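J.: model this:
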Amino acid sequence: MKFERLGWVVAAALAGAMAATGFQDNSAKFGTVDIKKVFDQSEFAKQQTEVLRNLGTSRESVLQFVNQYKFMKVEDARKFRELSIKANPSAADKAEIDRIKAGVVAEDAQFRALQTKQNPTAEDQAQLSEYGKRIQALGALQAQWAQEFDQEVGGLQGRLREQA
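T.: Reported below is the predicted structural model:
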């Protein structure tokens, strides 16, 4: 009698074990992760992108200003560049940048007046000649700076990629 019931108990246990394990999917599961997307959305990547953007923007604004006012004195242009590309300019630096800009804008008005003057004097001609020399010197300096800025931004971009 004991063996009769034992057979049913064993059969029920085997059926339960088969039911529990028989309905599981034993196939391998694979997934893909877009590492570039994960990295691009990381806080580190966002910070580095912002650093690179700020660096490029500051240098581009220097080149644009110099291109707009091509007759700047070379020493003023160099000082303007130095102060404008500083990572954290002080209040004195900002004041100096504003002083240089104001001087250049005032000279722009004088330059345009001389260009349109009907009968320029010898002094006016000399001043226009001086402006011409400045334009040539600043054009060469601007081309040099554009190349330096491209190398600087490209170098930083490369270093940031290596850090990632």
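
J.: Let me know the pLDDT of the spatially most central residue of the chain.
T.: Central residue of the chain (CA atoms, centre = their mean): residue 53, 1.8 Å from the mean position. Model confidence at residue 53, given as pLDDT, is 86.

J.: Tell me who's in contact with it.
T.: If you count contacts by CB atoms under 8 Å, 6 or more residues apart in numbering, residue 53 has none. C-betas here are computed from N, CA, C, even on glycine.

J.: So that it lines up with my notes, have the first residue be 841 from now on.
T.: All set: I'll call the first residue 841, so the last point we hit is now residue 893.

J.: From residue 924, how far off is it?
T.: Residue 893 sits 16 Å away from residue 924, going by CB to CB, to the nearest Å.

J.: can I assume residue 997 is in contact with residue 892?
T.: Yes - proximity of residue 997 to residue 892 meets the contact threshold set by CB atoms under 8 Å, at 6.1 Å.

J.: rewinding a little: now the residue nearest to the centre of the chain: which helix or strand?
T.: helix 883-908 (DSSP states H and E).

J.: That helix: what's the following helix or strand?
T.: Counting by DSSP H and E, what follows helix 883-908 is helix 914-924.

J.: Pull the residues that contact stretch 918-928.
T.: 898-899, 901-902, 905-906, 912, 929, 933-934, 936-937, 940-941, 981, 985.

J.: From those residues, list the buried ones, please.
T.: Buried subset of these (neighbour count, 16 or more other CB atoms under 10 Å): 898-899, 902, 905-906, 912, 929, 936-937, 940-941, 981, 985.

J.: can you tell me which two in those residues are farthest apart?
T.: 929 and 981 (21.0 Å; CB to CB).

J.: What values do phi and psi take at residue 870?
T.: The phi and psi values for residue 870, taken as degrees, to the nearest 10, are phi -120, psi 150.

J.: ok, it - how many residues close by?
T.: 5 (other CB atoms under 10 Å).

J.: Look up how far residue 992 lies from the residue nearest to the centre of the chain.
T.: 14 Å.

J.: how big is the angle separating the top helix by length along the chain from helix 914-924?
T.: Counting residues, the longest helix in the chain under DSSP state H turns out to be helix 962-1003. Counting by axes from the mean of the first three to the mean of the last three CA atoms, to 10 degrees, helix 962-1003 lies at 30 degrees to helix 914-924.

J.: chain center to helix 962-1003: distance?
T.: Counting by CA atoms, centre = their mean, to the nearest Å, helix 962-1003 is centred 19 Å from the centre of its parent chain.
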